[in-house]
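Student: this one's structure only:
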C-alpha cells in the first residue's frame with residue numbers, strides 16, 4: 001500500500017447553475033449522489049461550466065466529477081471562492097486547466113472519474129467547474145466536493161476486491177432458466193486495524209454515524225497516481241455495521257472492518 005486510503009463524504013452542492021444542460025438531465029442532478037443514473041448532460045460542447053453556492057462556507061480539499069464520458073483531450077478547471085464574482089474570475093483557489101483523465105487508461109465502460117487533491121483545506125462558499133476540449137455532448141453522474149479523512153497509518157495485511165451480482169438466477173422445475181434483474185456492483189472489503197483513539201473518536205465514529213447503511217461516500221483505496229487508480233476508486237454505501245473493536249492489536253488502538261458496495 002504505497003499511499004494511505006481516504007474517504008470523502010460528499011458535501012451537498014447547494015444552488016446549481018450551468019451554461020449548458022438539456023431539460024431531462026439538468027446540472028442539478030450532480031447533487032443526486034445515491035441516484036447515479038440521474039446525470040448532467042449538455043447539448044454540444046460549448047459553455048460547459050457548472051457553478052454552485054453552498055449557502056455558507058464549507059471545507060474542501062478534494063474534488064471529483066464521477067462517471068463522465070470524458071475523452072483523452074477533456075480538461076477540467078476547479079475554482080473556489082467567497083462570491084460568485086470570484087469563481088467566475090479570479091478565485092481564492094484556482095486549479096488551472098487540468099487533464100480530466102489523469103493518468104489515462106482504457107475504461108471498459110467508457111466512463112471516467114476526475115481526481116483532484118487540493119494541497120490545503122479551502123473554506124469557501126462558492127464553487128465552479130469548467131469542462132474544456134471535449135467533443136460532443138458531455139455527461140457526468142455526480143460531483144464530489146468535500147474533506148478527505150485519512151488514517152495516519154495502514155498496516156492491515158490484505159484487502160478484498162470483488163463484484164457482487166444483485167440479480168438472481170436459477171433453474172426451474174423443468175430445467176427452464178429463471179432470472180431476476182439486478183446490477184453488478186464492485187465491492188471492497190478491508191480493515192483499518194491501527195486507528196488511534198483520536199482518529200476513532202473524532203474521525204471514524206462520527207463518519208459511521210453520518211453514513212449508516214444509506215448514505216454514500218467516496219473511498220479511494222490507493223490514491224497513488226497510477227493507471228489503476230480509477231479501478232481503486234469506489235463510491236457507495238457500507239454493508240451492515242462497521243463495528244469498532246478496541247485494543248485488538250494494541251491497547252489504546254481501535255480496529256474497524258469496512259465493506260463497500262460501489263455504485264461506480
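Tutor: Looks like it arrived, so ask away. On a predicted model such as this, the values are computed, not experimentally measured, just so you know. Numbering: from 1, shown residues only.

Student: Can you pull the poorly scored residue ranges out of the stretch 151-264 of the chain?
Tutor: Applying pLDDT under 70 to the predicted model, the residue ranges of the stretch 151-264 of the chain that meet it are 155-158, 182, 241, 249.

Student: Do a quick rundown of the helices in it.
Tutor: Under the criterion DSSP state H, counting those that start in this stretch, the stretch 151-264 of the chain carries helices at the ranges 197-199, 205-211.

Student: With mean neighbour count and distance to residue 118 as extra columns, can I get those helices in JSON lines?
Tutor: Where you see a C-beta, it was placed from the backbone N, CA and C, and this is true even at glycine. Supplementary listing: these in JSON lines, determined by neighbours: other Cβ atoms under 10 Å; distance: least, Cβ to Cβ, whole Å:
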{"stretch": "helix 197-199", "mean neighbour count": "13", "distance to residue 118": "21"}
{"stretch": "helix 205-211", "mean neighbour count": "14", "distance to residue 118": "20"}
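
Student: Make a markdown table from those and add distance to residue 160 to it.
Tutor: Output for the helices of the stretch 151-264 of the chain, formatted as a markdown table (distance: least, Cβ to Cβ, whole Å):
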| stretch | distance to residue 160 |
| --- | --- |
| helix 197-199 | 22 |
| helix 205-211 | 20 |
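
Student: Nearest to residue 64, out of the ones you listed?
Tutor: Closest of the helices of the stretch 151-264 of the chain to residue 64 is helix 205-211, at 17.3 Å (criterion: Cβ to Cβ).

Student: Can you identify each of the strands in the stretch 51-200 of the chain by residue range?
Tutor: Counting by DSSP state E, counting those that start in this stretch, the stretch 51-200 of the chain has strands at residues 75-81, 93-94, 98-99, 116-132, 139-140, 142-146, 148-149, 160-165, 168-171, 177-180, 184-196.
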